[in-house]
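Enquirer: here are the coordinates; sequence isn't available:
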């Protein structure tokens, strides 16, 4: 699924922001004609399944957000719209967003990071979505960015609102060298593992975002815990989601109609979508110019003897970790 960044502005200032190259640098919003062009480009995919993602910044701060979701609601070719949001302003658009085709990934930050007022408002909006039958279309996300991060609020919110899906991520450093990203995976892996155990105990399905911990990083004891987790996982896709440290290009189209492979590679992957006939050709361009060359680069020396590395099944976490190697 491709995403359209409808604004570079955000109403929060998260300490780990992975889109810091863009967010709140300028007050850029996508215009309606550019949005229609981006949407048409996404539809050129041979395997277009009707799904579109809306990202930011924070999508709901765009002055055109209401018009854009109405446009998508009325577009018969668009079957599902994923809104990636912090959830603070969702109540302003609730009449449209409760329609069946809208899904939500609400990034739930801790009160200490966003303030109690914003946190309480997010919870109120989550409650509003649940009351309007959006439970099966809603997941909460958390980003791990520091050691021993308190995640109790996150598990509590999932349980309190009976939300059964969560997205977990270890953030990539928003400043610093690429090898810092690999060190962060090592540092935060136990926090991630502890959180997955909590979620399994609460019968909450989870997915782990693309910056996954490589198999070689886990200790022997952690490997034993992972084996136990495997026995409670539902299917092979879930197992791969925990183990496979690899990803495909995710096309994010910016307000000026340039695209990036992903935020981790945004500074070296910008291209104009108007230079490509179809989104499939753009994805192939990224695979040829970024993914294939990067897959041949070891993050650490022992990668060279690793079966996953040799079979192009491991990026060593985020693909951006390879940029210093």
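Expert: Received, thanks. Note that this is a predicted model, so its numbers are computed, not measured.
Enquirer: alpha carbons only for contacts and neighbour counts from here, please
Expert: Will do.
Enquirer: which regions of the chain sit below the pLDDT cut-off?
Expert: The chain contains residues with pLDDT under 70 at 18-26, 174-178, 232-244, 323-325.
Enquirer: measure the residue nearest the centre of it to residue 294 for me?
Expert: Among the residues of the chain, the smallest C-alpha distance to the mean C-alpha position (C-alpha atoms, centre = their mean) belongs to residue 209, namely 6.0 Å. Distance, residue 209 to residue 294, by C-alpha to C-alpha, to the nearest Å: 19 Å.
Enquirer: quick one: residue 319 from residue 193, how far?
Expert: To residue 193, residue 319 is 21 Å away according to C-alpha to C-alpha.
Enquirer: about what we covered before: now for the residue nearest to the centre of the chain: which residues touch it?
Expert: 167-170 (C-alpha atoms under 8 Å, 6 or more residues apart in numbering).
Enquirer: one step back: and residue 319 and residue 193? Which one has more around it.
Expert: Neighbour tally, residue 319 and residue 193, criterion other C-alpha atoms under 10 Å: the higher count belongs to residue 319, 25 against 16.
Enquirer: now do the contacts for the more buried one.
Expert: Residue 319 neighbours (C-alpha under 8 Å, 6+ apart): 211, 246, 264-265, 294.
Enquirer: phi, psi of it?
Expert: Main-chain dihedrals, residue 319, degrees, to the nearest 10: phi -60, psi -30.
Enquirer: next one: residue 256
Expert: Torsion angles, degrees, to the nearest 10, at residue 256: phi -90, psi 10.
Enquirer: relative to residue 307, how far out is residue 54?
Expert: As judged by C-alpha to C-alpha, residue 54 and residue 307 stand 37 Å apart.
Enquirer: cool, and residue 253?
Expert: Distance, residue 253 to residue 307, using C-alpha to C-alpha: 34 Å.
Enquirer: again with residue 57
Expert: Residue 57 is 38 Å from residue 307, by C-alpha to C-alpha.
Enquirer: check residue 298 too.
Expert: Counting by C-alpha to C-alpha, the gap from residue 298 to residue 307 is 12 Å.
Enquirer: what's the answer for residue 44, then?
Expert: From residue 44 across to residue 307, the span is 36 Å (C-alpha to C-alpha).
Enquirer: which of residue 253 and residue 307 has more neighbours?
Expert: Neighbours were counted for residue 253 and for residue 307 using other C-alpha under 10 Å; residue 253 has more, 28 against 11.
Enquirer: quick check on that one: phi, psi?
Expert: Backbone torsions of residue 253, given as degrees, to the nearest 10, read phi -100, psi 120.
Enquirer: contacts only, for the closest residue in space to residue 102 that isn't next to it in sequence.
Expert: Of all residues not flanking residue 102 in the chain, residue 81 sits nearest, at 4.9 Å (C-alpha to C-alpha, 6 or more residues apart in numbering). Taking C-alpha under 8 Å, 6+ apart, we find residue 81 in contact with 51-54, 72, 101-103.
Enquirer: quickly list what residue 81 is bridged to.
Expert: Going by DSSP bridges, residue 81 is paired in beta bridges with residue 52, residue 102.
Enquirer: now it: how far from residue 34?
Expert: For residue 81, the distance to residue 34 equals 18 Å [C-alpha to C-alpha].
Enquirer: return the list of helices and strands in contact with the longest helix seen in the chain.
Expert: In terms of residue count, the longest helix belonging to the chain (DSSP state H) is helix 178-201. Other elements packing on helix 178-201 under the criterion 3 or more C-alpha pairs under 8 Å, 6 or more residues apart in numbering; DSSP states H and E are strand 138-144, strand 165-170, strand 205-208, helix 220-232.
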